[in-house]
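# no sequence for this one, just the structure:
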C-alpha cells in the first residue's frame, strides 16, 4: 500500500483500522444478495470508484485484487456508499458468475448457523 | 470479553481478527437491504444465535450491545450464516424502525460515493 490518488474529501471521511483498511460489503444489484465481504485501502477504493471494477486489498496476498482478473468472475460497480461512521463500504455490483472462490454464488451459501423457520 | 458458551463446533470455524472479533453484516429479511456492519466476538454470536436478538460487541464502549435495548430499534434474528473463510457473518433480521443511530433506515443511506447511472 502506497500513496493513493483517492479524492481527499473522501479520504478524510474514512475511519481505517490499524492496517489502513475499511470493510467492504459487496451486494448484487437488484436482487440484494450479499455476495462477499472484503477489504479496501484508499487506493483500492480509488480504483473501484474510477475503473468501474471492484478492486480490493488482499490481506493474504498483500496486493491489490481486481475481482475476476484471474477467475473471470468480474464485478461491475454501480454504486458505492460509505456508512455513518466511515469504516464500512457498501459496493453494489453486477456479479458475473459465482462470487465465491468455492464456486457458490455468494460466500454465505454454505455454512448456515441459524435457519429461518419461516423463510 | 470472557469465556463464551458458543457451540465449540462453530467456534472452531471462526477466523477472528487480532481483537477476537468477526465482522457481522446485518440485512433486512425480504427486502435485502444492508442495514449496518458491526462486530461480534464468540459470546455475542452465541447470544445472537440463542436469544433471537442481534447482539454485537461494541468496540467503542467495550461491552455487549443488544441492538435496540436503548433505542427500541430491535433486530429479530431469522438467519445467521458464516462466510467461506470464517471471518464474516451475515445476520438476516427484521429491523424495527431505523437501523442507524442517525435515524436513517440503514447506515448506508447518507454518504453516496458513486451513484448508479441506471438504477
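Nice, I can see it. Note that the structure is a prediction, hence the values are computed from the model and not measured.
# for residue A:117, give me the pLDDT.
Residue A:117 is assigned 68 on the pLDDT scale.
# what bridges to residue A:75?
residue A:95 (DSSP bridges).
# burial count for residue A:72?
8 (other CB atoms under 10 Å in any protein chain shown). All C-beta atoms are positioned from the backbone trio N, CA, C, and that covers glycine.
# pretty sure it sits against residue A:95.
No. Taking contacts as CB atoms under 8 Å, residue A:72 lies outside contact range of residue A:95: 11.5 Å.
# run through the bridge partners of the most centrally placed residue in chain A.
Among the residues of chain A, residue A:24 comes closest to the average C-alpha position under CA atoms, centre = their mean, at 4.0 Å. On the basis of DSSP bridges, residue A:24 is bridged to residue A:38, residue A:89.
# and the gap between it and residue A:52?
15 Å (CB to CB, to the nearest Å).
# tally of neighbours for residue A:110?
Neighbour number of residue A:110 under other CB under 10 Å is 13.
# now stretch A:81-88: buried residues?
A:81, A:82, A:83, A:84, A:87, A:88 (16 or more other CB atoms under 10 Å in any protein chain shown).
# same question for stretch A:65-72.
Quick answer for stretch A:65-72 (16+ other CB under 10 Å): A:65, A:66, A:67, A:68.
# now stretch A:26-38
A:26, A:27, A:28, A:29, A:33, A:34, A:35, A:36, A:37, A:38.
# tell me who's in contact with the residue in chain A positioned nearest to chain B.
Closest to chain B within chain A is residue A:32: 2.3 Å, counting by CB to the nearest CB. Neighbour list for residue A:32: B:27, B:31, B:32, B:33, B:34 [criterion: CB atoms under 8 Å, 6 or more residues apart in numbering or on different chains].
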